[in-house]
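Colleague: Need the 3D shape of this:
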Amino acid sequence: MPGGRLTQQERQQIALGLADDLAYAEIARRLDRPTSTITREVMRNGGPGAYRPDLAQRATERRAQQRRRTAPRDTGPRPQEHGRDPETVREYEETFTTLFMQSGLPRMASGVLTCLYTSDAGSLTAGDLADRLQVSPASISKAITLLENLGLVIREREPGRRERYSADSDAWYQSVVAAARSNAEMAETARRGVHVLGRGTPAAARLENMARFLDFVGESIARAAEQARDILASQPARD
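Modeller: Alright, predicted model coming up:
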């Protein structure tokens, strides 16, 4: 399987695949590339609806030039603890970041969240994050503000003025509960449609089935989230 950066010809093939509404996995198979490579490439360059191969090529070249200008001469891969392979860790972090981007987060916020989840320390300062992501403190501050507003990170003040940030361990529970609540609201709206359109009509039957499905799934998700939080809170994490 080929490695290295994507070529301009490969980016053109990606654009053609997106135009044909191909899945990332199919585009990756045709290019003999990992699916994660294609996903990252598209998401970091505008998403499937705005991807342009020429713009993506120029953006990649610009990022490479910026790294060469700003990176110290003796800078190599970031040191890793516990015998981890730096390149494997970098690829994993890119994949994790891409998944957060697919959920709707901007790239910088996604990168910050990835750093917080993959850090052994469990919390990082703005300086730590800027160093890991090679960006300005202002970029970190903006991303942290967004993540904090979304309830995804927790801000802790240390003695003095320095602050540390950590990923909110309860965020996924809250996200699941919010999804269950959204399902319940959708089910209730569908059920009102049964009365509006007339019970016994094809449209009403369709909406009734929709409401029953969403009720069942939503209740199951909410119940599972409660059980999982109770169980995990009572059991220490294992190595």
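Colleague: what's the domain layout of the chain?
Modeller: 8-70, 86-167, 171-234 (automatic domain parsing).
Colleague: Off-centre distance for the first one?
Modeller: Pointing back at domain 8-70 there. Centroid separation between domain 8-70 and its chain, computed with CA atoms, centre = their mean, to the nearest Å, is 17 Å.
Colleague: tell me the average confidence for it?
Modeller: Average pLDDT, domain 8-70: 85.
Colleague: Could you tell me how many residues sit around Asp32?
Modeller: When neighbours are defined as other CB atoms under 10 Å, Asp32 has 9 of them. C-betas here are computed from N, CA, C, even on glycine.
Colleague: Quickly note the distance from it to Gln9.
Modeller: Distance of Asp32 to Gln9, given as CB to CB, to the nearest Å: 13 Å.
Colleague: What of Ile140?
Modeller: Going from Ile140 to Gln9 by CB to CB gives 36 Å.
Colleague: Same check on Ser139?
Modeller: Taken as CB to CB, the span from Ser139 to Gln9 is 32 Å.
Colleague: so where's the protein uncertain?
Modeller: By pLDDT under 70, the low-scoring segments of the chain are 1-4, 66-81, 235-239.
Colleague: And the helices in it, which stretches?
Modeller: With helices called from DSSP state H, the chain shows them at 8-19, 24-31, 35-43, 53-70, 86-102, 107-118, 126-133, 137-149, 171-197, 202-234.
Colleague: Kindly reformat those helices as a markdown table and extend each row with mean neighbour count and distance to Tyr165.
Modeller: Listed next are the helices of the chain as a markdown table, based on neighbours: other CB atoms under 10 Å; distance: least, CB to CB, whole Å:
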| stretch | mean neighbour count | distance to Tyr165 |
| --- | --- | --- |
| helix 8-19 | 17 | 34 |
| helix 24-31 | 18 | 31 |
| helix 35-43 | 21 | 23 |
| helix 53-70 | 13 | 23 |
| helix 86-102 | 16 | 15 |
| helix 107-118 | 21 | 6 |
| helix 126-133 | 17 | 7 |
| helix 137-149 | 17 | 6 |
| helix 171-197 | 15 | 13 |
| helix 202-234 | 14 | 22 |
